[in-house]
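Peer 1: For reference, the sequence and a predicted model appear below.
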Amino acid sequence: MNHVIKDLINKHGTPFYIFDEKGFVENYNELNRTFKDIYPNYQISYSYKTNYTPFICNLVKSLGGYAEVVSDLEYHLAKKLGYENSQIVYNGPSKGDAMYEHLENGGILNIDSIDETKQISEYCKAHTGKSYTCGLRINMYLGDNFISRFGLSPDGDELQKAVDIINSTPNLKLIGLHCHISRHRGLEAWTKRVKTMIEIADKYIDGTPEYISLGSGMFADMPDFLKEQFGGDTVPGYKDYAEVVVKPFAARYKNSERKPILFTEPGTTVVARYMSFVSKILSIKDVRGRHLANMDGDYHNLGEICTMKKLPVEIIPCGKKQQPYTNLDIMGFTCLEQDLMYPGFDGSVAAGDTLIFNNVGGYSIVSKPQFIKPQSAMFAIRQNGSVKQIMRAETFDDVFSKFCFEF
Ligand SMILES: *Cc1c(COP(=O)(O)O)cnc(C)c1O
């Protein structure tokens, strides 16, 4: 793959993103197969907000994945890619007006609050003669004194209140449940998650639910260097999750005539490993004993993960004489002190070398602000090895054209 990247550096210069289509498809199929083998009604719903690159969303669609959206922006993209509403899952606490269009077209919609339940109930009451369906997001406490802001809590009367509002709306039916907890990725937390969701479905839903969505938050497939930082061999794989999540689920609905769809909503889990960011070292300097490299990319390009872990980095030498460094802080182009792409790098590099930051598929391109330098281009390395540009670089005009220039 690195010779393709060298070609791109020569042709286009840096910085840019690389998407590995083959790796993505193999990993996606691996997750899908592992879960579907145990429970054929398993369905992946890809989290758009994690990485909404249309090429990737379309790839997911071609692999049979649904679209998981949390805003009208993402809903709009899913529709543009040709999704039917029945294959779009609309979640989140701040839905836009498209939620009514989605409701109207029989889409999957998970309500986050009592106020939202009321709004939807009122909409349904104003449209008698038609019938509507919805799901509820469940708030789950999984320990560590952390209270999630999302969903309705089954402890207390909040969830019951929302269910009562739905049940008193003649043309609205509760057909599914949803939860998503981005922390607590371990097997124990997942065991509790599935158990709780089944209990709540048994208690609040008439008959068999049409779906239960367990959200995302499984550890991703990742390079060993990163895995070590998350606990090495203790990091569960898809087979481990399938044992504690899919098996009990399949057992619960073994005798049901109609099997509920079991959704998970992976974002990071399926995309993180398959995107890299390629950026050049512009200068290296020593300031009061602190070793610093300045890059032509920034920490927003890499996403939040670079603030928590050291990313796997590869070096493409430019041919100039490299110097050995210990504790080299690799800094981005912004004029922010905290723009640290990699803290304390140990290795030999020279100004002019290019670094490939791997595992940057999650919350990177979607979180890059128009701050100081616009967004970089993206290339896909296709399954047959060919290269396709899937996003052009942002232009200065992209940044300024929305402002008023009549003074
Ligand atoms: C963000 C989000 C996801 C995806 O989470 P990742 O950690 O990126 O995999 C799934 N479901 C919901 C409701 C989300 O908000």
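Peer 2: Right, received. Where do you want to start?

Peer 1: any idea which element residue 342 lies in?
Peer 2: strand 340-349 (DSSP states H and E).

Peer 1: what's in contact with that strand?
Peer 2: Strand 340-349 is contacted from outside by 279, 281, 284, 293, 295, 297-299, 301-302, 306-307, 310-311, 313, 315, 322-332, 355, 357, using CB atoms under 8 Å, 6 or more residues apart in numbering. Just so you know, the C-beta spots here come from the backbone N, C-alpha and C atoms, and that holds for glycine as well.

Peer 1: Same question for stretch 20-30.
Peer 2: Residues external to stretch 20-30 that are found in contact with it (CB under 8 Å, 6+ apart): 1, 44, 56, 59-60, 63, 65, 221, 238, 270-271, 273-276, 380-383.

Peer 1: Mind checking which of these are in strands?
Peer 2: Applying DSSP state E to the contacts of stretch 20-30, the entries found in strands are 44, 275-276, 380-381.

Peer 1: Now that we have those residues, can you turn them into a markdown table and tack on distance to the ligand, neighbour count and pLDDT?
Peer 2: Shown next, in a markdown table, are these (distance: CB to the nearest ligand atom, whole Å; neighbours: other CB atoms under 10 Å; pLDDT from 0 to 100):
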| residue | distance to the ligand | neighbour count | pLDDT |
| --- | --- | --- | --- |
| 44 | 11 | 22 | 98 |
| 275 | 13 | 27 | 98 |
| 276 | 18 | 26 | 98 |
| 380 | 20 | 24 | 98 |
| 381 | 23 | 21 | 97 |
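
Peer 1: what's the closest of those residues to residue 182?
Peer 2: Nearest to residue 182 among the ones in strands among the contacts of stretch 20-30, counting by CB to CB, is residue 44 at 17.1 Å.

Peer 1: ok, what's across the strand from that closest one?
Peer 2: Under DSSP bridges, the beta-bridge partners of residue 44 are residue 264.

Peer 1: Quick one: residues contacting it.
Peer 2: 28, 31-32, 60, 64-66, 263-266, 270.

Peer 1: So which of these reach the ligand?
Peer 2: Contacts with the ligand within the contacts of residue 44, counted by CB under 6 Å from any ligand atom: 265-266.

Peer 1: residues of the lengthiest helix in the chain that come out buried?
Peer 2: As assigned by DSSP state H, the longest helix anywhere in the chain is helix 187-204. By neighbour count on 16 or more other CB atoms under 10 Å, the buried set for helix 187-204 is 187, 189-190, 192-194, 196-198, 200-201, 204.

Peer 1: same check, this time on stretch 266-275
Peer 2: Neighbour counts over stretch 266-275 (16+ other CB under 10 Å) mark 266-275 as buried.

Peer 1: Kindly report the same for stretch 366-382.
Peer 2: For stretch 366-382, burial by neighbour count (16+ other CB under 10 Å) applies to 367-368, 373, 375-381.

Peer 1: got it, and stretch 300-314?
Peer 2: Neighbour count says stretch 300-314 has 300-303, 305-306, 309, 311-313 buried, by 16+ other CB under 10 Å.

Peer 1: Where does the stretch 301-407 of the chain get nearest to the ligand, residue-wise?
Peer 2: Nearest to the ligand in the stretch 301-407 of the chain, going by CB to the nearest ligand atom, is residue 362, at a distance of 5.4 Å.

Peer 1: quick one, phi psi at that residue?
Peer 2: Recorded main-chain torsions at residue 362 are phi -100, psi 130, according to degrees, to the nearest 10.

Peer 1: Surely it and residue 267 touch.
Peer 2: Yes: the pair residue 362 and residue 267 qualifies as a contact (CB atoms under 8 Å) at a distance of 6.1 Å.

Peer 1: which residues do these two both contact?
Peer 2: In contact with both residue 362 and residue 267: 50-51, using CB under 8 Å, 6+ apart.

Peer 1: Mind checking what secondary structure residue 314 has?
Peer 2: Secondary structure assignment for residue 314 (DSSP: H, G, I helix; E, B strand; the rest coil): strand.

Peer 1: Contact partners for the residue lying closest to residue 391 once chain neighbours are set aside?
Peer 2: Spatial nearest neighbour of residue 391, chain neighbours left out: residue 378 (3.9 Å); criterion: CB to CB, 6 or more residues apart in numbering. Neighbour list for residue 378: 16-19, 53, 365, 389-391 [criterion: CB under 8 Å, 6+ apart].

Peer 1: Would you list the buried entries among the residues you listed?
Peer 2: Buried residues within those, counting neighbours by 16+ other CB under 10 Å: 16-19, 53, 365, 390-391.

Peer 1: Let me know the distance separating whichever residue of the chain sits closest to the ligand from residue 43.
Peer 2: Per CB to the nearest ligand atom, residue 267 is where the chain lies closest to the ligand, at 2.8 Å. Note on residue 267: its distance to residue 43, by CB to CB, to the nearest Å, is 15 Å.

Peer 1: Near the ligand, which residues of the stretch 301-407 of the chain? Just list them.
Peer 2: Residues of the stretch 301-407 of the chain lying near the ligand by CB under 6 Å from any ligand atom: residue 362.
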